[in-house]
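A.B. asks: take this sequence and fold it.
(2 chains)
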There are 2 protein chains.
Amino acid sequence: MQQLVDVTGTSFTPLVVVELATNTTEEAIEWLLSRIRDKQEIGGADLLVEQLGLGVGGQEKENPHVFLVGATRQRLLSGAEEVGLFKEYNDGSMRGFTCANKHNFTEFMGDGDGFLSKAECQYIVKHELDTLRAQSETHVPGHSEAKLYPGKSIIRRLQSKGILIQIFPLHEQEDLKRLSFTWYKRVKLSLQPLDAIRQYFGEGQALYFGFLEFFTFALVPMALVGVPYYLFDWEDYDKYVIFAGFNLVWCTVILELWKRYSASLAYCWGTLSRKKAFEEPRPGFHGVLGLNPVTGREEPLYPNAKRQLRIYLVSLPFVLLCLYLSLYVMMIYFQMEGWAISVHVEEPTFWTGILLFIPSIIYAVVIEIMNLIYRYAAEFLTEWENHRLESSYQNHLILKVLVFNFFNCFASLFYIAFVMQDMALLRQSLATLLITSQILNQFMEAFLPYWLQRRRNKKMLRKVQKRRTLDGQELPLAEQVRLEADMSTYLGTFDDYLELFLLFGYVSLFSCVYPLAAVLVVLNNITEVYSDAFKMCHVFKRPFSDPAANIGVWQLAFEAMSVIAVVTNCALIGLSPQVKAYFPDSEIQLILWIVAIEHLLLAFKFLLSFLIPDVPKHIQIRLARLEFESLEALKKKVRKLRRPAAGNRKPRAAGAQLHPEFRAGS
Amino acid sequence: MQQLVDVTGTSFTPLVVVELATNTTEEAIEWLLSRIRDKQEIGGADLLVEQLGLGVGGQEKENPHVFLVGATRQRLLSGAEEVGLFKEYNDGSMRGFTCANKHNFTEFMGDGDGFLSKAECQYIVKHELDTLRAQSETHVPGHSEAKLYPGKSIIRRLQSKGILIQIFPLHEQEDLKRLSFTWYKRVKLSLQPLDAIRQYFGEGQALYFGFLEFFTFALVPMALVGVPYYLFDWEDYDKYVIFAGFNLVWCTVILELWKRYSASLAYCWGTLSRKKAFEEPRPGFHGVLGLNPVTGREEPLYPNAKRQLRIYLVSLPFVLLCLYLSLYVMMIYFQMEGWAISVHVEEPTFWTGILLFIPSIIYAVVIEIMNLIYRYAAEFLTEWENHRLESSYQNHLILKVLVFNFFNCFASLFYIAFVMQDMALLRQSLATLLITSQILNQFMEAFLPYWLQRRRNKKMLRKVQKRRTLDGQELPLAEQVRLEADMSTYLGTFDDYLELFLLFGYVSLFSCVYPLAAVLVVLNNITEVYSDAFKMCHVFKRPFSDPAANIGVWQLAFEAMSVIAVVTNCALIGLSPQVKAYFPDSEIQLILWIVAIEHLLLAFKFLLSFLIPDVPKHIQIRLARLEFESLEALKKKVRKLRRPAAGNRKPRAAGAQLHPEFRAGS
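C.D. replies: Next comes the predicted model:
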């Protein structure tokens, strides 16, 4: 990547792009740039920043207020210490990086070039910009409508006031080429390069792809069991008891295994023991001025009671209404289904045979459309609920979307299975839903954005070529920045996880009646890897890396689904003629047995998730060793300095906290 | 309390008594005392210690190796810092005590006299003794069989080798008198003095009494609902549906409320955010020499695989055998019951009417005896499993005992309710079990130890009076120490919680068929407060205080019971004639409805325990504020010292960890 030269005369690699609105006053720009460049002692961010020259394209149309931010190597290292980055120490353990003993870290060579990955550098710059706080300023100079509050983040404020349009990290063409080659550009029988993905996109992305891969492998045994069912036509709805039993164990076990695998990954990536930073209010949050009870500072607050009212009096009824609508659509589907069957019965030709599938296909398309519309509505509502923290916003959004999507996708299947008890229809409906939604998803998710992006790129390239002949393949920096600024923004792993969640539901709930489902999901996941990888590398702006230690609330969602799967599979077993044959006289006996077994299985499931430690033993030992060492170091220090300085001792005692999971040799 | 004078000439208040075996060599005593007295710089404990003079009793019989340990005030304060004691700061929050800013703590007056309670001083002395570690010694001088390992606790080693017989804190007669007066010596309508109990006995005890009180109050509404059922003879087994519904909600709600109340208590007592210390191996642990993977030191290790073998091949079969035996005894009880009924039917007189109750009473007594025997067996087995940590030992013991006691006490009731479906017998059996076990428990728990202790005390007092006339009421120190050394050792809150657990089971599972159960349990709990308080103050040695933040694994046990209660109450509702009347045609419909409702209730219960925060909002805010402040202090420091010293920064970063529960204003 090209080098830039800051006003101070330091040459630097641009890492992050900051784009301000075209109507930003010169005064505001001046002030912001000086705040970014100021030394930390006087409250600045101590970063390097330079304005981007106008591109070769139409100077008249382009936004002149695009800035490139970078930092010196020394600043990045001290920033790494501030954000609490964990790196491999020379004894093989992962430790919080400190500048003072930087030479003890394995990967630190010479002056530390290449010690931090570009994604980490970008994360650090983002963090430093985010924590640039207002001091005595009451408003942004030149923009009296944009009030500032002492101690609150300037960047967040600029974002919520629309002065800052976007802030994003730059792609690196070289690394990207290398990554995409090992990732998806060759046909291979190897795993995804998770470490390289993490290097380039950060831990959150890498965990998603790790989960996708894990889920796919976990499905292989189920797919292998399913294929003979299909080939030898075992689908007499009799043998499915064994398959249901298999499902029931499977969905419990894989989630426990994933938890352990994810802990291993997070440990190696240094995010497992890293502490979360104090969360800033999200940019969209607004309220009236008040005292924050935690920081004691004046800032916009929004009464919790008001938010609760919005949630319970507006959002909740809205969600219920949507569920009712979904139910209504389902009933229409069943009417269509009934009509199609009656047509086929009257006149059983090839064409009426195909007609049988039409209602399911239409219903599947309608479900996808409803999900999409609901998604926007849920985002709007959750935004309107005005959550203060991003995490709280995310939790409420995920809860809303999950409930609706679960109901929308599975209600008809539950109805067919347990009310109509028609296993042939269940099988047909499941197959149609699964295949249609997969095709639609792949189209919506990868092809459509790619096509839009391609059109945009072409226009830009044409513009570039119109002015001058392109030397070499690499675009000039200004063009690259403007190209990336125009790319769509990647909105996080939400939709990707949601898709996996629904697929997990299809296979764990009902795959016993349609054993080919697992095969279909495996195939879908393989193409999903390719399309997601492609989309990440070429369709979207590079996202800031997100130091995640696990898949967060999704783990909970998948576990909830696996509980529902146990109940559903038990009920399906109870419905099977094979099992019914054991209780020819009394259906009550059968039901009581099924209920008893289901309770035992649920109890066993909870016991299992309680007994299997979430973190593998060898990592528990490493964590405990680190804590033991810091405790020992502390003791030595206390012994030397009998009277430590004020405010010095207490927080350090927290470092001596023992990992609660650890029971060495017990 | 009298003052003693150490060899160094410092006068001190004796806090803790250490009793060594009579055959301990002079060399070993010399060495131990010097290690205790040594300055911390050279690895000693820096405490004061003096040998107890022989009492007025028979010099020939008494153990001469009794030592009194104390400390200077300054040493206690620095010890308070080492153990991480939390105290109220002058801004009203709870903070880790540090000597450097001791004057900022609310209760610190003058030179700090009375700042630490006696129980805290004793805890500190205990901690300092426990962390007195072997240096270059390979064995205890004069006892070549007692090997020492560098870095391991000396006291634990002496205990496991039988050289140290016991170590216990001294009672304070004055404080004890005051405490027992406010606690149980006057008839009053006030709450227990939980703060005073915590001051004298520590947080673990205070939480037990707090839980006992909370549980009693929680039962009051149930008792109030139950009384009219009894008075107006509503027990036609028809109206109990309402009561079962009430039970079901009740047991979920009170446990959530308790969690919040307990967090409030623990916050005020400073144990909520206090970190657990690194756990030492328990005294009874043995093994072959190996390298501890955590500390990297040589110490006895016991392979986990061997322990697992012992657990699964010996303990588990033994527990199953005991369960089988308990089942066998139950069957004998049912035979006796059948015989008694047949006698009563043949010849219905008053005496045969009484005979009806005899089998239940015998069975209740047998249950108590079996529980008692099993308890010893479980302790023996768990000891034999050779757990390395006390916490692991406790968890395995509690699991064993809980499973058996639950089965032993409730199996017959479940059998009567769901297999025999005889609600009259269930009611009679429940009443007899409850009343008999309460009477037996009160006798075993308080009266018997009291009577034994009284006999012992009398003997000692007679001895004292034989030699000289007693001046005043206070015993001379030497006599007090020897009296207390002879008292029984309090074995922790295990049995007390177990009793509450079973009582909770009786009321939450079956009280709908015998609404008076809640009234009986309330009465029992009131006498329990008195007998437990008396027992703590006068029957047992004073226990070391235990800085607990919650009731630990018992919370889990009670929650498991409440889940079982939901299932049981749903089933009981399903069995009621009232509900059956709604489904005259189809019992299958009834069962399916009951199962569906039960599942919904369980789901709702889990949702509830997920939604209700475990820590009340105002305490969350205080915790977050503390963490925010330490983060700010850290930032200021980083800004000042651009290059902090090695090993200084990292552990402190952990102090900046945000309380995960905290979502300010969201």
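A.B. asks: for the stretch 201-350 of chain A, which segments count as strands?
C.D. replies: A:288-291, A:298-301 (DSSP state E, counting those that start in this stretch).
A.B. asks: switch those over to a markdown table; also include mean pLDDT.
C.D. replies: Converted to a markdown table, the strands of the stretch 201-350 of chain A look like this (pLDDT from 0 to 100):
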| stretch | mean pLDDT |
| --- | --- |
| strand A:288-291 | 82 |
| strand A:298-301 | 80 |
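A.B. asks: pick the most buried one from these.
C.D. replies: Neighbour counts (mean count of other C-beta atoms under 10 Å in any protein chain shown) averaged over each of those peak at strand A:298-301, with a mean of 17. Yep, even glycine has a C-beta here, placed from its N, CA and C like the rest.
A.B. asks: and that one, does that touch chain B?
C.D. replies: Yes. With C-beta under 8 Å from any C-beta of the partner chain as the criterion, chain B is reached by strand A:298-301 at A:Leu301.
A.B. asks: okay, now the sheet partners of that strand, with direction.
C.D. replies: Sheet pairing of strand A:298-301 (DSSP bridges) gives strand A:288-291 (antiparallel).
A.B. asks: ok, residues contacting the partner strand?
C.D. replies: With contacts defined as C-beta atoms under 8 Å, 6 or more residues apart in numbering or on different chains, strand A:288-291 is touched by A:Tyr149, A:Arg297, A:Glu298, A:Glu299, A:Pro300, A:Leu301, A:Tyr302.
A.B. asks: how about stretch A:308-322?
C.D. replies: A:Tyr374, A:Ala377, A:Leu381, A:Thr382, A:Trp384, A:Glu385, A:Asn386, A:His396, A:Lys400, A:Val403, A:Phe404.
A.B. asks: what is the subsequent helix or strand relative to whichever strand or helix holds the last one?
C.D. replies: Assigned by DSSP states H and E, A:Phe404 belongs to helix A:390-414. Next along the chain after helix A:390-414, taking DSSP H and E as the criterion, comes helix A:423-442.
A.B. asks: any idea how far that next one is from the chain center?
C.D. replies: Helix A:423-442 has its C-alpha centroid displaced from the chain centroid by 26 Å (C-alpha atoms, centre = their mean, to the nearest Å).
A.B. asks: give the buried residues for it.
C.D. replies: Using 16 or more other C-beta atoms under 10 Å in any protein chain shown as the test for burial, helix A:423-442 gives A:423, A:425-438, A:440-442.
A.B. asks: by contact count, what packs against that helix?
C.D. replies: Helix A:423-442 sits against helix A:358-384, helix A:390-414, helix A:494-510, helix A:516-534, with contacts defined as 3 or more C-beta pairs under 8 Å, 6 or more residues apart in numbering or on different chains; DSSP states H and E.
A.B. asks: export the ones you listed to JSON lines and tack on mean neighbour count, distance to chain B and mean pLDDT?
C.D. replies: JSON lines is the format used below for these (neighbours: other C-beta atoms under 10 Å in any protein chain shown; distance: least, C-beta to the nearest C-beta, whole Å; pLDDT from 0 to 100):
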{"stretch": "helix A:358-384", "mean neighbour count": "17", "distance to chain B": "12", "mean pLDDT": "91"}
{"stretch": "helix A:390-414", "mean neighbour count": "19", "distance to chain B": "4", "mean pLDDT": "92"}
{"stretch": "helix A:494-510", "mean neighbour count": "22", "distance to chain B": "15", "mean pLDDT": "91"}
{"stretch": "helix A:516-534", "mean neighbour count": "20", "distance to chain B": "25", "mean pLDDT": "87"}
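A.B. asks: in a markdown table, list the ones you listed along with distance to A:Trp269.
C.D. replies: Output for the helices and strands packed on helix A:423-442, formatted as a markdown table (distance: least, C-beta to C-beta, whole Å):
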| stretch | distance to A:Trp269 |
| --- | --- |
| helix A:358-384 | 30 |
| helix A:390-414 | 20 |
| helix A:494-510 | 19 |
| helix A:516-534 | 19 |
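A.B. asks: for the residue nearest to A:Glu484 when sequence neighbours are not counted, give me the pLDDT.
C.D. replies: Once flanking residues are discounted, A:Glu484 sits nearest to A:Lys541: 5.7 Å by C-beta to C-beta, 6 or more residues apart in numbering or on different chains. A:Lys541 carries a pLDDT value of 87.
A.B. asks: these two touch, right, A:Lys541 and A:Ile167?
C.D. replies: No. If you go by C-beta atoms under 8 Å, A:Lys541 and A:Ile167 don't touch, sitting 10.3 Å apart.
A.B. asks: spell out which parts of the stretch 201-350 of chain A neighbour chain B.
C.D. replies: A:275-279, A:292-296, A:301-304, A:307.
A.B. asks: report the two of those separated the most.
C.D. replies: Among those, the pair separated by the greatest distance (C-beta to C-beta) is A:Lys275 and A:Pro303, at 29.6 Å.
A.B. asks: who has more neighbours out of the two?
C.D. replies: The residue with more neighbours, out of A:Lys275 and A:Pro303, is A:Lys275; 16 against 12, by other C-beta atoms under 10 Å in any protein chain shown.
A.B. asks: tell me the contacts of A:Ala146?
C.D. replies: Here A:Ala146 is in contact with A:His139, A:Val140, A:Arg157, A:Leu158, A:Lys161, A:Ile163 (C-beta under 8 Å, 6+ apart).
A.B. asks: show me which residues of the stretch 51-200 of chain A sit near chain B.
C.D. replies: Residues of the stretch 51-200 of chain A lying near chain B (C-beta under 8 Å from any C-beta): A:Ser78, A:Glu81, A:Glu82, A:Gly84, A:Arg95, A:Gly96, A:Thr98, A:Cys99, A:Ala100, A:Asn101.
A.B. asks: sorry, back to before: go through the contacts of A:Ala146 and name the one nearest B:Phe201.
C.D. replies: For these, the nearest to B:Phe201 is A:Arg157 (52.9 Å; C-beta to C-beta).
A.B. asks: how about CSV for the contacts of stretch A:308-322, with distance to B:Val615 added?
C.D. replies: Supplementary listing: the contacts of stretch A:308-322 in CSV, determined by distance: C-beta to C-beta, whole Å:
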residue, distance to B:Val615
A:Tyr374, 34
A:Ala377, 34
A:Leu381, 29
A:Thr382, 25
A:Trp384, 29
A:Glu385, 23
A:Asn386, 24
A:His396, 21
A:Lys400, 26
A:Val403, 27
A:Phe404, 31
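A.B. asks: just the contacts of strand A:288-291 now: which is nearest A:Arg625?
C.D. replies: A:Arg297 (39.6 Å).
A.B. asks: my guess is A:Gly92 is in a strand, correct?
C.D. replies: No. Read with DSSP: H, G, I helix; E, B strand; the rest coil, A:Gly92 is coil and lies in no strand.
A.B. asks: and the residue most central in space within chain A, what does it touch?
C.D. replies: In chain A, the residue lying closest to the centroid (C-alpha atoms, centre = their mean) is A:Thr493, at 2.9 Å. A:Thr493 sits next to A:Gly204, A:Gln205, A:Tyr208 when contact means C-beta under 8 Å, 6+ apart.
A.B. asks: quick check: A:Arg175 vs chain B, distance?
C.D. replies: Rather than Arg, residue A:175 is Asp. A:Asp175 sits 29 Å away from chain B, going by C-beta to the nearest C-beta, to the nearest Å.
A.B. asks: doesn't that residue fall inside a strand?
C.D. replies: No. Counting by three-state DSSP, A:Asp175 is not found in a strand; it is helix.
A.B. asks: tell me, how many residues neighbour it?
C.D. replies: 16.
A.B. asks: domains of chain A?
C.D. replies: Per the TED database, the domain ranges recorded for chain A read A:4-170, A:173-302+A:422-452+A:516-638.
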